[in-house]
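In: based on what follows, work out the 3D shape:
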Amino acid sequence: MRRTLHGILAAVTAASMSSAAFSQEMLNAVGPGEGQVDIVAWPGYIERGETDPNYNRVTDFEDKTGCKVNVKTAGTSD
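Out: Got it, this is the predicted structure:
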C-alpha cells in the first residue's frame with residue numbers, strides 16, 4: 001500500500017511539474033547585456049590566438065557581440 005501511494009505521489013508530482021514547464025511562454029527577447037563576461041578556464045580552452053592564430057575565438061566573439069571577455073587561467077579544476 002505504501003509503495004503504491006509513493007508511486008502515485010511521484011507520478012502526480014512529475015505530471016504537475018512537466019505541465020508547468022510546458023505552459024511557460026518562449027523567451028523572445030533579453031534585456032541589455034552587462035558588457036563583459038568573466039571566465040575561469042584551463043590553459044588552451046579560451047584562445048585569443050596567442051598560441052595559434054587559427055584559434056582566435058575570443059576576439060571574433062568580442063567583435064560580433066560587443067561583450068568583453070576577461071579570462072583567468074586556472075592550473076587545476078580545484
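In: name the residues of stretch 43-61 that are buried.
Out: Within stretch 43-61, the residues scored as buried using 16 or more other C-beta atoms under 10 Å are I46, E47, V58. In short, each C-beta sits where N, CA and C put it, glycine included.
In: hang on, the last one in a strand?
Out: No. V58: not assigned to a strand; according to DSSP: H, G, I helix; E, B strand; the rest coil it is helix.
In: just the strands in the protein please.
Out: 36-41, 68-73 (DSSP state E).
In: returning to what we had before: which residue in the buried residues of stretch 43-61 has the weakest pLDDT?
Out: Note: of the buried residues of stretch 43-61, the lowest pLDDT belongs to E47, at 82.
In: for it, what are its contacts?
Out: Listed by C-beta atoms under 8 Å, 6 or more residues apart in numbering, the contact set of E47 reads Y55, N56, R57, V58.
In: which pair of the residues you listed spans the longest distance?
Out: Y55 and V58 (9.5 Å; C-beta to C-beta).
In: ok, back up a step: mind giving me TSV with the buried residues of stretch 43-61 and columns for distance to R2?
Out: Output for those, formatted as TSV (distance: C-beta to C-beta, whole Å):
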residue	distance to R2
I46	52
E47	56
V58	56
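In: which secondary structure element of this protein has the lowest mean pLDDT?
Out: helix 2-22 (a mean of 75; mean pLDDT, DSSP states H and E).
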